[in-house]
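>>> Quick one, fold the following:
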Amino acid sequence: MLDSDELDELFRVLPRRYAVIRRLLDARCQSGPESLVRLMLRSAGLRFEVQVSIPGVGIVDFLVEGWLIVECDSQAHHSTWDAQRRDRRRDQAAAILGYATYRPIAEDIMWSPEVVSAALRGLARRGSASSSFQENRTPVAASRGPLRRVS
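Okay, the predicted model is just below:
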């Protein structure tokens, strides 16, 4: 709603203690709940991109750690059956490409942020455990040499 110059002007008239907030704003986020999720991701130390275009899926709110799509859903844009069908088909197209999707609802982002943040951290831990297991595992037979009978 406001461009960068207008935001700068707004923060010039606000009490100085709010200046720290200006550095946290990102114009790529398209809603308040998206901005809050961005701060949750940042605070969790996760790598993420904002408003990413994925061929066959479209633009997603966040791509986290290269594999997790996070879409911040509100009643205004996702409550009709047509909208839900579209969302599920996008999620399906993303799954075909190997992405997982998490869709926290705006109500939870705003009023239960600790639950959404815990979900993001849990998914990130799970994804990181899966990828490190796949990348760092050594086949049992190879690590022990040739199989032999033990008496």
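>>> residue ranges with poor pLDDT in this protein?
1-2, 21-27, 29-30, 74-78, 81, 128-151 (pLDDT under 70).
>>> Mind jotting down where the helices sit in it?
4-13, 19-24, 32-43, 75-78, 81-96, 106-111, 113-136, 140-144 (DSSP state H).
>>> Most tightly packed of these?
helix 32-43 (a mean of 19; mean count of other CB atoms under 10 Å). Where C-beta positions appear, they are placed from N, C-alpha and C, glycine not excepted.
>>> got the CA coordinates for that one in CSV?
The C-alpha trace of helix 32-43 is given here as CSV (Å, rounded to 0.1, in the frame of the first residue of the first chain):
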residue,chain,number,x,y,z
GLY,A,32,0.5,-8.8,7.3
PRO,A,33,0.4,-12.6,7.9
GLU,A,34,3.0,-13.1,5.2
SER,A,35,5.3,-10.5,6.9
LEU,A,36,4.9,-12.3,10.3
VAL,A,37,5.7,-15.7,8.7
ARG,A,38,8.8,-14.1,7.1
LEU,A,39,9.9,-13.0,10.5
MET,A,40,9.2,-16.4,12.0
LEU,A,41,11.4,-18.0,9.3
ARG,A,42,14.1,-15.5,9.8
SER,A,43,14.1,-16.0,13.6
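>>> still on that earlier bit, would you format the helices of the chain as JSON lines with distance to Ile54 included?
Converted to JSON lines, those look like this (distance: least, CB to CB, whole Å):
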{"stretch": "helix 4-13", "distance to Ile54": "27"}
{"stretch": "helix 19-24", "distance to Ile54": "26"}
{"stretch": "helix 32-43", "distance to Ile54": "17"}
{"stretch": "helix 75-78", "distance to Ile54": "18"}
{"stretch": "helix 81-96", "distance to Ile54": "7"}
{"stretch": "helix 106-111", "distance to Ile54": "22"}
{"stretch": "helix 113-136", "distance to Ile54": "17"}
{"stretch": "helix 140-144", "distance to Ile54": "36"}
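>>> Go through those and name the closest to Gly66.
Gly66 sits nearest to helix 113-136 of all the helices of the chain, at 9.1 Å, using CB to CB.
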